[in-house]
Structure formats: structure tokens, C-alpha cells
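Asks: sequence and predicted structure below; questions after.
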Amino acid sequence: MDHAAVHVGQAEVAAAVAVGQLLVVEAQQVQDGGVQVVDVHPVLDGVHAELVGRPVGQAALDAAAGGQANKTDPADARALACVARDRRPPAWRPPAPEVRQLQGLVRRAEDLVEMAAREKGRLASPALTDAARRSVERTIRLLEEEADVVRAEADELVAAAESLRADRDLLESIPGVGRRTATAVLAELPAVDRLPSAASAAAACGLAPREFRSGTSVRRRTRLSKAGNARLRKALYLPTLTAIRFNPLLKGFFGRLVAAGKPRMQAVGACLRKLVMQCYGVLKNRAPFDPDWASKKAA
């Protein structure tokens, strides 16, 4: 994790950004040592993005404007610390222990499924001998069985935690969101009290629209930023296709976009963003999905 400490008033603040996955354990150790930790991602672009060893967004722009030309860990850490000093982001708060446990189980199950898929790809090899094929088939069965065991442990964890169980019931009230999808949302979506709006929840998943326009000659297609939690985007893609068929709000929204000439995949991306916002809505309002909620609120 790239981090650096700066002094804001009388407090020492560590601005931290993860290389790859957010290193919660390391951040907790720094905070336990008496240094306040802030996550600069919400300040930079409203998301908890997974990075590749470099400061992003406003931190990178500020560093370049300040004459920073080097790409080193100390230079990156200094740029992040300056953002924390100048913008005063909210203090980092570790996820609840049960959420950390759930995230570990959900990600482990996902990894097992990916390993099984790679093994299934080997079955198509014409060079595979009978003995080797049997070995691959045994490995596939083992991985799939272990994935089922891990998912069962995740279900037991949610059932044992009253808050998680209530949240999962709310999420499952949304047409298109099943048990596995709801569990993934609980594991990957930041706590709703840390997200100021449904749009910020979509941004946390990398689903904020990103425009590219200049004058009258430069007008590229609007794309999703993808600067967020790729795991959650992946977990919600197939449920979005189901929701387009059975969720009345998304079904109508998708139809209007296609009728307006939007490419189908672009319309699917927009529906994916809407589905995340619906997940945020039921959790924030503590009420099951209601397709007429907006009209009732307006009345």
C-alpha cells in the first residue's frame, strides 16, 4: 500500500491507496498506531478503485501540475498525502468483521469457479490422454464441490448476522436479484452510510458515465468509467440481463434506450447502473423494492 503521513492541524493523517486490493489489515495496523487513515479514492473520483501502482485522478493531475515527473513509491505517497491534507477526506473506517468474513468467502467461491472454468477449458485439448482427462474431471468436481461448501458457509454467516440477513432480504425483493447476487452485493458494496447517494454507489462499482466531448468536432461515445469494483460489476452482469426481462423498471428503461437508438450493450450497461442504484435504494430506505416508489414519493 502506498501511504504517507501529513500533519493536518494537530493530527497526523495517513493518506492511503491500495496497490491492487485494498489492504485492510495494513490500514488497520496504521490506524491502531495512532495515525488517522483516510481513503483518498472518494475524494479523487467517488470510487474505491483497484489500482496498479500509481496515483490516479486528481492526485495524478496535482502531482503533474506540481512538477512531479518521477514514478516512485515515495513520490506517489507524497501526492496522495497532499490530497488528504488539502481536501480533508473523511476518516477511513474498517468494514465490520462479519462483512470482511463474508467478502473473503464470496471471493474464495469466485476464485474456485474461475479455476474450475480453466480446467474445463483443458478438456477440449486433443492432446489430452485418457488418464489426464480423468484427472482434469476429478479436479473440476473437487473445485465445484468446494465452491458449494464455501457458498454454504457464506449463507450461514449471513443467516447468523441479523443486520446482514435483513439486508439480504431487502436485496432479494428486487426482481433479478437472487440469493447469490444479494450475497455478493453485501460483500462488495461499501456500506450505504458511507455513500452519499445512489449515483455514488454506482460510481463505487465503476458504473459512472464518462463523457468525452470538446467543442463541436470531438464527440466520442459516452462510456462507463470502470474505475471501481470489477468483482461487483461481474457479479451483477447476468442478473441485469434477467432484470431487463422481469424487473418492470429496468424493462421499461431498456426498451426506451433501445427505441432511442442506443446500442444494446450500452443499454445493458445503463441498466446495470440502475440495478446498483436500486440495491442502494432498498438498503438506504430500509424498504423492499417497490416499482411505484418514485411516484408515491412525488405525491
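Replies: Perfect, thanks for sending it. Residues are numbered from 1 along each chain as shown.

Asks: is R233 in a helix, a strand, or coil?
Replies: Per DSSP: H, G, I helix; E, B strand; the rest coil, the local secondary structure of R233 is helix.

Asks: which residues touch it?
Replies: Applying Cβ atoms under 8 Å, 6 or more residues apart in numbering, we find R233 in contact with 205-207, 226, 272. Bear in mind the C-beta positions are built from the backbone N, C-alpha and C, glycine included.

Asks: change it to 10 Å
Replies: 188, 205-207, 224, 226, 240, 269, 272-273, 276 (Cβ atoms under 10 Å, 6 or more residues apart in numbering).

Asks: narrow those residues to just the buried residues.
Replies: Among those, the ones that count as buried by 16 or more other Cβ atoms under 10 Å are 188, 205-207, 224, 240, 269, 272-273, 276.

Asks: re earlier: can I get the contacts of R233 in a markdown table including secondary structure?
Replies: Listed next are the contacts of R233 as a markdown table, based on three-state DSSP:
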| residue | secondary structure |
| --- | --- |
| E188 | helix |
| C205 | coil |
| G206 | coil |
| L207 | coil |
| L224 | strand |
| K226 | coil |
| T240 | helix |
| G269 | helix |
| L272 | helix |
| R273 | helix |
| V276 | helix |
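
Asks: phi, psi of the spatially most central residue of the chain?
Replies: Centroid check for the chain by Cα atoms, centre = their mean gives N229 as the closest residue, at 2.6 Å. The phi/psi pair for N229 (degrees, to the nearest 10) reads phi -80, psi 100.

Asks: would you confirm that it contacts R107?
Replies: No. Counting by Cβ atoms under 10 Å, N229 does not reach R107; the two are 11.2 Å apart.

Asks: where does this structure have low pLDDT?
Replies: Low-confidence segments of the chain (pLDDT under 70): 1-70, 89-90, 210-213, 215-223, 225, 298-299.

Asks: quick one: the helices in it?
Replies: 24-32, 41-45, 57-65, 73-87, 97-122, 130-160, 162-172, 179-188, 198-204, 230-246, 248-259, 264-285, 293-298 (DSSP state H).

Asks: to what extent is D86 buried, counted in neighbours?
Replies: By other Cβ atoms under 10 Å, 13 other residues sit near D86.

Asks: distance check, it against L80.
Replies: D86 is 11 Å from L80, where distance means Cβ to Cβ, to the nearest Å.

Asks: what does A182 give?
Replies: Noted for A182: a distance of 34 Å to L80, by Cβ to Cβ.

Asks: ok, these two, which is more surrounded?
Replies: A count of neighbours by other Cβ under 10 Å puts L80 above the other of A182 and L80, at 30 against 23.
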